[in-house]
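> Generate a structure from the sequence data that follows.
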Amino acid sequence: MFSKISRLTILALLLSPALARAELPALTVNVVDAHPASGTIEITLFNSAESFLKQTYVQRPCQPDADGRCSVTFAALEEGDYAVVVVHDANDNKKLDNGFLGFGAESFAYSNGASNPLFGRADFEDARIRLTETVTIEISLD
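Alright, predicted model coming up:
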């Protein structure tokens, strides 16, 4: 039979991966100014320049409240560089609708206030967040 010390050792080994994850940083994204306050807001996290706007690392939806706000937390992330893209699917049709000139019908925004060059995409470097500890950021859809 196992002694008390052996049982404690086994328990510690079983719990160590969970404890290690609990110490990894988290990223909370607060979205503001979603107007109209309807539909779904998709918050997408990218973890490299190579995957930026091509391959999602992780994505979470949230519903804006009456004030056009919502929040998502990405927990237990490895330390490193990330970029966030927020898309407001105001009519819940599962796509970003374009306006008359190809933009403007539904809102989107990048972390760090990065912006699109004229008819282009923002760069990962402009939207990059270096995550070494738990961080909260705010992204405006205004």
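> how far does stretch 29-49 sit from the chain's center?
Using Cα atoms, centre = their mean, to the nearest Å, the mean C-alpha position of stretch 29-49 is found 8 Å from that of the whole chain.
> Same question for stretch 39-58.
Centroid separation for stretch 39-58 versus its chain: 7 Å, with Cα atoms, centre = their mean.
> Quick check: end-to-end length of it?
One end of stretch 39-58 to the other measures 20 Å (Cα to Cα, to the nearest Å).
> And the helices in this structure?
4-23, 124-127 (DSSP state H).
> Check the average confidence over the longest one, would you?
This means helix 4-23. Averaging pLDDT along helix 4-23 gives 55.
> looking at this structure, which helix or strand is least sure?
The weakest-scoring helix or strand in the chain, judged by mean pLDDT, DSSP states H and E, is helix 4-23 (a mean of 55).
> contacts for stretch 88-102?
With contact meaning Cβ atoms under 8 Å, 6 or more residues apart in numbering, stretch 88-102 is reached by 34, 36, 38-42, 64, 87, 104-108, 119, 141. C-beta coordinates here come from the backbone N, C-alpha and C atoms, glycine included.
> one more time with 10 Å
The contact list for stretch 88-102, computed with Cβ atoms under 10 Å, 6 or more residues apart in numbering, reads 31, 33-42, 61, 63-64, 68, 70, 87, 103-109, 119, 141.
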